[in-house]
Each structure stands twice: as C-alpha cells, then as structure tokens.
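S.K.: need a structure here:
(6 chains)
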Number of protein chains: 4
Amino acid sequence: MSDIDYEDEARASRARQEADPDPEVGGIAVDRLRSIIERIERLEEERKALANDIKDIFAEAKSAGFDVKVVRTLISLRKKEPAEVEEQETLLDLYKRALGM
Amino acid sequence: MSDIDYEDEARASRARQEADPDPEVGGIAVDRLRSIIERIERLEEERKALANDIKDIFAEAKSAGFDVKVVRTLISLRKKEPAEVEEQETLLDLYKRALGM
Amino acid sequence: MSDIDYEDEARASRARQEADPDPEVGGIAVDRLRSIIERIERLEEERKALANDIKDIFAEAKSAGFDVKVVRTLISLRKKEPAEVEEQETLLDLYKRALGM
Amino acid sequence: MSDIDYEDEARASRARQEADPDPEVGGIAVDRLRSIIERIERLEEERKALANDIKDIFAEAKSAGFDVKVVRTLISLRKKEPAEVEEQETLLDLYKRALGM
DNA sequence: CCCGGCGTTAATGCAC
DNA sequence: GTGCATTAACGCCGGG
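M.R.: Residues are numbered from 1 along each chain as shown, chains lettered A, B, ... in the order given. Below you'll find the model as predicted:
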C-alpha cells in the first residue's frame, strides 16, 4: 500500500487542473480516466433510453393484438440475408425429413 | 388456411392506402404493423451506433493503459446505491471469514 | 458493525467443531454455509462436464458435415409443443404477407 | 429442389436399417444425425436436472437466512485465481482513489 | 393467477 | 480458428 493521502491528492488535483497538463494520482491519469468513465456513462444512459423506447413499442404492439414473439422473429429475419434464411430453411426441412418429422 | 390471394392483397393494399383509414391484409392492420417494425428497427440502429461508440471508448481506455475489466467494474459500482454496495461487501466479508477465507 | 474479532473466531471455530453441534462465526452457521457452497460447486462441475460433452457432440456433427446451427434449431423445435410451433409459423406467414414479404 | 419422395424414403429407411451399413435420406446420414440429436437431448436433460438441484440449494440457502446474491458472489470468487482477484481489487482501489471515490 | 422485471444462460459477432 | 465480449432469449421470482 502507498502512503500517499489520496483524499488530499484528490483535492489538490482539482486545484491544479489548469496548471498541470497531465495530473496524476497514484500513477493514474485522473482526468483521462474520469473523461472515459463519464463519456461511457452518458452513452449508456442514451442506450437505456432507447431500450425503454423499444420496450414501449413492443407493449404497443401487444396491446394492438400482435404476437410479440412473432414480431421479434420477423424483425430478426429482416436483419438477415434472404439467401441465408432460405438456405437454413431448406436444410432444416431436409433434416426433418431425414428424421421422419 | 385462407384462400385469399395475399400477393394481390399486398398490391391492392398499396393502391388504397390513401382512401382506406384502416387497411388490413388477412385481418392484419398492415400500416400499424409496418410502423411498429420500422420504428423498432430505427431505434435498434441507434442503439447499435451507441454500442459502437462505447466500444471505441473502451478501446481508447485500453490503449491509454487502463485495465478495461476494472473500468467496467468501476462503472457498474457507480450505478449502484452506495449503501447497497457497502451492505453486500460487509456480508461478503462476513461469509468469507466464516469460511476462513 | 460487530466488535467480534473474526480472526480469533475463525481459529476458535475450527477448534470447537467437534464439540459444538451448531458452530457459528459472526452469527453465521458456518457448516451450513460451507455445505451449501460445496454442494453447489460440485453440481456446477457436473454441469460443466455435461456442457463439454455437448460441445464435443456438436463438434462431431460439424465434422460429419452437418450444419450445426440447423441442428440446434432442430433440437429446439423438438422441445416445443408441435401445436405451438405450428401456430407461430402460421402467424409469421400472416405477418410476412401483410408486409408483402 | 430434389424430386425424391422423402415420406417414402423415411419408411424405406426404417425397413433397410439392418441391411444397410450407411442408410441415407436425401443425402443425409440419418442414423448419424439421429444419434447426435438424441445424445445431445439426453445430456441436456441431465443438465437441466442439475440446474434444478442447484436452484433447490439456493432456495435452501435463502430459507436458512443467507443472502443468495452474496453467496453467488462468494462462489464466483472461489472460481478465480486468488492472485487475479487480489490484482483486480488493488487496481479498483487505485482507480477509485484517483476519482476521489 | 397473470404480468412485468431481473438474472442467468445460450447464441451471435468480433478481435486476436 | 479460437476465445471473448456483447446481445438476445429464457426462466424464475415477486407484485398486483
């Protein structure tokens, strides 16, 4: 363990931020770390907001009488290459027949 | 199975979209479904863009010498109530001691 | 916070384990906790072993020329009620037609 | 698309299973596929049974007054190398201090 | 008894 | 190609 007083360091860090081009605490580039974390947190908030919006739309779909699971399937199909989808379906049928299903 | 010709229906649907306030195909409120799916797809694109932004920042963190896994831990800790974190840590220590760890 | 010295308690606990029918450390039923954890760990090991076995079989399937993804789909279909599968497929077709897909 | 009648093939396949060392349906090694799927399904059943056992033990832990979440944390810590855990904790503390947390 | 939320787990895509 | 990290699906759990 280091004997640096990090509380004091933290206070001092803020005091010298204009003067020091690369302030460090315990060998850590404080401002860089803080910037990284805060940008990520901001973006995650936006992501969460979008997730909520999407959830709301699924709820709307449900209340409009659509089968939500099927709507999800449809969306995921639309993401894929049609040729790929066709290929997989063909193989699935083949395997089913092989098993007598 | 219905004997409606859905191909024709699909074409007809597009033709009468201005006139018909609630066009349906096979009992499905087409415009409603289309709207739902397109809005979700749009939001998912935005979500994906944000995910990429976040990934870039983690890459930046890594190249700046930070331990990405620890940065993640830090961010997740910041999301939680401090009291909750403290409580869990206290219990964890208690259980560890009980087991002689 | 308790003022019990857990280090001492831990040592004492080991000393009295034969004598005490319900040994506790810091209010924790030590043997109960240890039993719970060890049983879970044992079962998780078995689970992991089975997961490896399954992975091996998928690898075998792949090297035998089967499309692993399709095999997975097939297995998941077999888990579901046929009526349910049929229902979902019917709805999916209906939605596709509604969207002119 | 092939013009083979898979229904007939499936019936025929069962008829010749003793005689034919490598029966195929539509180019698929039927017995091989069936074997793969059935072995996987069997192993998955065992996996599910183990998962249930584990769940029961967590329920037991809960009713014995243990904090289930903390017990999970404890188990996951025990899976990791102690040196690794120590390293991560040290870094986490360092980063926290750098941020004045 | 059903529903939504949460946590876990399997599946996909990405980076090395 | 392998392993890892993310993301979507599933099942359990608590609340209405």
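
S.K.: C-alpha from now on. contacts and neighbour counts both.
M.R.: OK.

S.K.: Look through chain A and state the residue closest to DNA strand E.
M.R.: Residue of chain A nearest DNA strand E, by Cα to the nearest atom of the strand: residue A:59 (6.6 Å).

S.K.: could you say what helices and strands the lengthiest helix in chain A packs with?
M.R.: Taking DSSP state H as the criterion, chain A has its longest helix at helix A:30-63. In this structure, helix A:30-63 packs against helix A:68-79, helix B:30-63, helix B:68-79, with contacts taken as 3 or more Cα pairs under 8 Å, 6 or more residues apart in numbering or on different chains; DSSP states H and E.

S.K.: Next, the buried residues of the last one.
M.R.: The neighbour-count criterion (16 or more other Cα atoms under 10 Å in any protein chain shown) identifies B:70-71, B:74 as the buried residues of helix B:68-79.

S.K.: quick check: angle from the helix or strand following that helix to helix D:68-79?
M.R.: Where DSSP states H and E defines the elements, the next helix or strand beyond helix B:68-79 is helix B:82-98. Angle of helix B:82-98 versus helix D:68-79, following axes from the mean of the first three to the mean of the last three Cα atoms, to 10 degrees, is 60 degrees.

S.K.: any idea of the mean pLDDT for helix B:82-98?
M.R.: The average pLDDT for helix B:82-98 rounds to 93.

S.K.: Now that helix: buried residues?
M.R.: Using 16+ other Cα under 10 Å as the test for burial, helix B:82-98 gives B:88, B:92, B:94-95, B:97-98.

S.K.: Tabulate those residues (a markdown table), appending distance to residue B:26.
M.R.: Formatted as a markdown table, the buried residues of helix B:82-98 follow (distance: Cα to Cα, whole Å):
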| residue | distance to residue B:26 |
| --- | --- |
| B:88 | 55 |
| B:92 | 58 |
| B:94 | 63 |
| B:95 | 61 |
| B:97 | 66 |
| B:98 | 65 |
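
S.K.: re earlier: do you know how far the residue of chain A closest to DNA strand E is from residue A:71?
M.R.: Distance of residue A:59 to residue A:71, computed by Cα to Cα, to the nearest Å: 12 Å.

S.K.: ditto for residue A:26
M.R.: 52 Å.

S.K.: what does chain A have sitting close to DNA strand F?
M.R.: For chain A, the contact set with DNA strand F under Cα under 7 Å from any atom of the strand comprises A:72-73, A:76.

S.K.: Can you convert those into a markdown table and add a column each for distance to residue D:34 and pLDDT?
M.R.: Output for the residues of chain A next to DNA strand F, formatted as a markdown table (distance: Cα to Cα, whole Å; pLDDT from 0 to 100):
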| residue | distance to residue D:34 | pLDDT |
| --- | --- | --- |
| A:72 | 30 | 96 |
| A:73 | 27 | 95 |
| A:76 | 29 | 95 |
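
S.K.: between these, which is nearest chain B?
M.R.: residue A:72 (8.9 Å; Cα to the nearest Cα).

S.K.: so who does residue A:73 touch?
M.R.: Contact partners of residue A:73, counting by Cα atoms under 8 Å, 6 or more residues apart in numbering or on different chains, are residue C:92.

S.K.: scratch that, residue A:43
M.R.: Per Cα under 8 Å, 6+ apart, neighbours of residue A:43: B:50, B:53-54.

S.K.: now with 7 Å?
M.R.: B:50, B:54 (Cα atoms under 7 Å, 6 or more residues apart in numbering or on different chains).

S.K.: gap between it and DNA strand F?
M.R.: 11 Å (Cα to the nearest atom of the strand, to the nearest Å).

S.K.: swap in residue A:84?
M.R.: For residue A:84 relative to DNA strand F (Cα to the nearest atom of the strand), the value is 17 Å.
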